[in-house]
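> Sequence and predicted structure below; questions after.
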2 protein chains.
Amino acid sequence: MAPNIEKVNLAEKFAQIPDHWNPRIVGELNGQQVKLAKFSGPFEWHHHDHEDELFLVVKGKFDMEFRDKTVTVHPGEFLIVPRGVEHRPVANEEAEVLLFEPATTVNTGNLTDSDRTRRHLERL
Amino acid sequence: MAPNIEKVNLAEKFAQIPDHWNPRIVGELNGQQVKLAKFSGPFEWHHHDHEDELFLVVKGKFDMEFRDKTVTVHPGEFLIVPRGVEHRPVANEEAEVLLFEPATTVNTGNLTDSDRTRRHLERL
């Protein structure tokens, strides 16, 4: 039986997100979460001690800056950032991004007290 | 430093998949794997005792049949099938699907000896 199983439409969920750098939870499985976020402008340099992160671009594009290179991620492309690796996402135009990461992941990683830290994420 | 971090382009990877119901591994993080598979026709009824599975449609569409309902999943939509729930994917036309699930997941779940069981997946 599949009483509570519903599909998720990404465009419908993104339409409910009015702000930037504020991930929403849209799915959970195996201790991991699927989150959606809109990126705009530069984020903060940070890393995650214990979590690898996947970024899949749905719309727009963004640059993932590393200390030694930059990778531009377009729609239909994803990037996995391993734990411990410093990174900074920068979106010169607005980008819609699906994140896949452990439920324990905080958006600003080691920057636990940034203005942009979001600890209690809304579920859409 | 980010020596081995490369983005993955889904269309480029799907272009390398000539067959159906044979998932390829295209990413790994936190004990989970990102897999890509082409679906065509009906698969087998099965369930997974210990793994939840996410199916994100990239191209085409497919029906996820449950014992009590069917959910049609289109591009830009995903569906999470919780562990223990019997399901059967059916694609009336070819569909390109991204899977996100634990590295331990076998495609036919409790059917451990199906002709379609794939235990050793290629990495693209």
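Looks like it arrived, so ask away.
> List every C-alpha atom in stretch A:33-50, with coordinates, as PDB.
C-alpha atoms of stretch A:33-50 as PDB (Å, rounded to 0.1, in the frame of the first residue of the first chain):
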ATOM      1  CA  GLN A  33      17.100  15.400   2.500                       C
ATOM      2  CA  VAL A  34      16.100  16.800  -0.800                       C
ATOM      3  CA  LYS A  35      16.200  20.600  -0.600                       C
ATOM      4  CA  LEU A  36      15.400  23.400  -3.000                       C
ATOM      5  CA  ALA A  37      17.000  26.800  -2.900                       C
ATOM      6  CA  LYS A  38      17.200  29.900  -5.100                       C
ATOM      7  CA  PHE A  39      20.700  31.300  -5.400                       C
ATOM      8  CA  SER A  40      21.500  34.900  -6.200                       C
ATOM      9  CA  GLY A  41      24.800  36.700  -5.800                       C
ATOM     10  CA  PRO A  42      27.700  35.400  -3.800                       C
ATOM     11  CA  PHE A  43      27.300  33.100  -0.800                       C
ATOM     12  CA  GLU A  44      29.800  32.600   2.000                       C
ATOM     13  CA  TRP A  45      33.100  30.600   1.900                       C
ATOM     14  CA  HIS A  46      32.500  27.500   4.000                       C
ATOM     15  CA  HIS A  47      33.000  23.700   4.300                       C
ATOM     16  CA  HIS A  48      31.100  20.900   5.900                       C
ATOM     17  CA  ASP A  49      33.100  18.600   8.200                       C
ATOM     18  CA  HIS A  50      30.900  15.600   7.900                       C
END
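> Tell me the buried residues in it?
Buried residues in stretch A:33-50, counting neighbours by 16 or more other Cβ atoms under 10 Å in any protein chain shown, are found at A:33-40, A:43-48. C-beta here means a position set from N, CA and C on the backbone, and glycine is covered the same way.
> can you pull out the helices in chain A?
Counting by DSSP state H, chain A has helices at residues A:10-14.
> ok, now which ones touch the residue nearest to A:I17 when sequence neighbours are not counted?
Spatial nearest neighbour of A:I17, excluding adjacent residues (Cβ to Cβ, 6 or more residues apart in numbering or on different chains): A:K38 at 5.4 Å. By Cβ atoms under 8 Å, 6 or more residues apart in numbering or on different chains, A:K38 lies in contact with A:14, A:17, A:19-22, A:94-97.
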